[in-house]
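Undergrad: Okay, here's the prediction I keep looking at, along with the sequence it came from:
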Amino acid sequence: MGARQKLNRAYVNGALLCAVGAGLVTQSGFVFVIVLAICLGLNVKDRLIRPDHNRRF
(Lines give C-alpha, C1' and ligand atoms only; values in the text may rest on other atoms or scores of the structure.)
Protein backbone atom coordinates (compact mmCIF):
# COMPACT_ATOMS: atom_id res chain seq x y z
CA MET A 1 0.00 0.00 0.00
CA GLY A 2 1.40 3.33 -1.04
CA ALA A 3 1.59 6.59 0.83
CA ARG A 4 -1.37 8.09 -1.06
CA GLN A 5 -3.65 5.24 -0.03
CA LYS A 6 -2.48 5.49 3.59
CA LEU A 7 -3.16 9.22 3.68
CA ASN A 8 -6.56 8.80 2.03
CA ARG A 9 -7.47 6.11 4.57
CA ALA A 10 -6.35 8.35 7.44
CA TYR A 11 -8.49 11.26 6.21
CA VAL A 12 -11.53 9.00 5.76
CA ASN A 13 -11.01 7.55 9.24
CA GLY A 14 -10.79 11.06 10.66
CA ALA A 15 -14.02 12.03 8.94
CA LEU A 16 -15.70 8.90 10.31
CA LEU A 17 -14.45 9.67 13.81
CA CYS A 18 -15.83 13.20 13.68
CA ALA A 19 -19.14 11.98 12.30
CA VAL A 20 -19.46 9.26 14.95
CA GLY A 21 -18.74 11.81 17.67
CA ALA A 22 -21.34 14.22 16.37
CA GLY A 23 -23.85 11.42 15.89
CA LEU A 24 -23.36 10.11 19.41
CA VAL A 25 -23.59 13.54 21.01
CA THR A 26 -26.82 14.33 19.20
CA GLN A 27 -28.03 10.70 19.18
CA SER A 28 -28.99 11.12 15.53
CA GLY A 29 -28.14 9.03 12.50
CA PHE A 30 -29.11 11.94 10.29
CA VAL A 31 -26.45 14.16 11.89
CA PHE A 32 -23.91 11.36 11.43
CA VAL A 33 -24.61 11.18 7.69
CA ILE A 34 -24.59 14.97 7.24
CA VAL A 35 -21.33 15.48 9.17
CA LEU A 36 -19.68 12.59 7.31
CA ALA A 37 -20.71 14.04 3.94
CA ILE A 38 -19.48 17.51 4.91
CA CYS A 39 -16.13 16.23 6.23
CA LEU A 40 -15.49 14.05 3.18
CA GLY A 41 -16.61 16.81 0.82
CA LEU A 42 -14.29 19.35 2.42
CA ASN A 43 -11.37 16.91 2.35
CA VAL A 44 -11.92 16.26 -1.36
CA LYS A 45 -12.38 19.99 -2.07
CA ASP A 46 -9.12 20.81 -0.28
CA ARG A 47 -7.47 17.98 -2.25
CA LEU A 48 -6.50 16.11 0.90
CA ILE A 49 -8.23 12.98 -0.38
CA ARG A 50 -6.81 12.36 -3.82
CA PRO A 51 -7.92 9.83 -6.41
CA ASP A 52 -5.55 7.25 -7.84
CA HIS A 53 -2.97 8.93 -10.10
CA ASN A 54 -3.71 6.46 -12.90
CA ARG A 55 -7.34 7.53 -13.21
CA ARG A 56 -8.27 10.50 -15.33
CA PHE A 57 -11.53 12.33 -14.70
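TA: Everything's here; your move. Quick caveat: nothing in here was measured; it's all calculated off a predicted structure.
Undergrad: tell me the mean pLDDT over stretch 9-25?
TA: Average pLDDT, stretch 9-25: 97.
Undergrad: cool, and stretch 50-57?
TA: On average, stretch 50-57 scores 68.
Undergrad: Can you say which helix or strand has Tyr11 in it?
TA: Assigned by DSSP states H and E, Tyr11 belongs to helix 3-26.
Undergrad: Can you work out which other helices and strands pack against that helix?
TA: Applying 3 or more C-beta pairs under 8 Å, 6 or more residues apart in numbering; DSSP states H and E, we find helix 3-26 packed against helix 29-45. Bear in mind the C-beta positions are built from the backbone N, C-alpha and C, glycine included.
Undergrad: Quick one: residues contacting Val31.
TA: By C-beta atoms under 8 Å, 6 or more residues apart in numbering, the contact list for Val31 reads 22-23.
Undergrad: ok, it to Leu24 distance?
TA: Distance, Val31 to Leu24, by C-beta to C-beta, to the nearest Å: 9 Å.
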